[in-house]
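*Asks:* here is my input; please provide its structure:
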Amino acid sequence: MVDGHCMKCKEKREIKDAEQTKMKNGRDAVKGVCSKCGTKMFKIGKME
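*Replies:* The predicted structure is shown next:
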């Protein structure tokens with residue numbers, strides 16, 4: 001379970017379908033969709 005800030009809901013939500021990825025500069029990141037509204041979410045850092 002990974003939490004992130006949804007820009008549409010304006011609240012901290014769980015990232016559904018979370019996927020570990022790397023940014024262009026080599027930093028770890030997590031991407032997925034909001035569990036409530038379905039908006040794309042992106043969080044810098046590793047999955048916990």
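*Asks:* pLDDT-wise, which helix or strand of the chain ranks last?
*Replies:* Averaged element by element with mean pLDDT, DSSP states H and E, the chain has its least confident helix or strand at strand 3-6 (a mean of 92).
*Asks:* just checking, what packs against whichever strand in the chain runs longest?
*Replies:* If you go by DSSP state E, the chain has its longest strand at strand 11-22. Helices and strands in packing contact with strand 11-22 are listed as strand 3-6, strand 28-34, strand 40-44; criterion 3 or more CB pairs under 8 Å, 6 or more residues apart in numbering; DSSP states H and E. For every residue, glycine as well, the C-beta is placed using N, CA and C.
*Asks:* pipe those strands into CSV and attach distance to residue 20 and mean neighbour count per row.
*Replies:* CSV is the format used below for the helices and strands packed on strand 11-22 (distance: least, CB to CB, whole Å; neighbours: other CB atoms under 10 Å):
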stretch, distance to residue 20, mean neighbour count
strand 3-6, 13, 17
strand 28-34, 6, 17
strand 40-44, 11, 16
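*Asks:* and the longest strand of the chain, what's its mean pLDDT?
*Replies:* Averaging pLDDT along strand 11-22 gives 94.
*Asks:* what does stretch 41-48 give?
*Replies:* When pLDDT is averaged over stretch 41-48, the result is 90.
*Asks:* gap between the two ends of it?
*Replies:* From its first residue to its last, stretch 41-48 covers 16 Å (CA to CA, to the nearest Å).
*Asks:* touching it from outside, list them.
*Replies:* Outside stretch 41-48, the residues that touch it by CB atoms under 8 Å, 6 or more residues apart in numbering are 1-2, 4-6, 13, 15, 18, 20, 23, 27-34.
*Asks:* about what we covered before: show me what the longest strand of the chain pairs with in its sheet, parallel or antiparallel.
*Replies:* Counting by DSSP bridges, the strands paired with strand 11-22 are strand 3-6 (antiparallel), strand 28-34 (antiparallel).
*Asks:* next, format those strands as a markdown table and append distance to residue 48.
*Replies:* Below are the strands paired with strand 11-22 laid out as a markdown table (distance: least, CB to CB, whole Å):
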| stretch | distance to residue 48 |
| --- | --- |
| strand 3-6 | 9 |
| strand 28-34 | 9 |
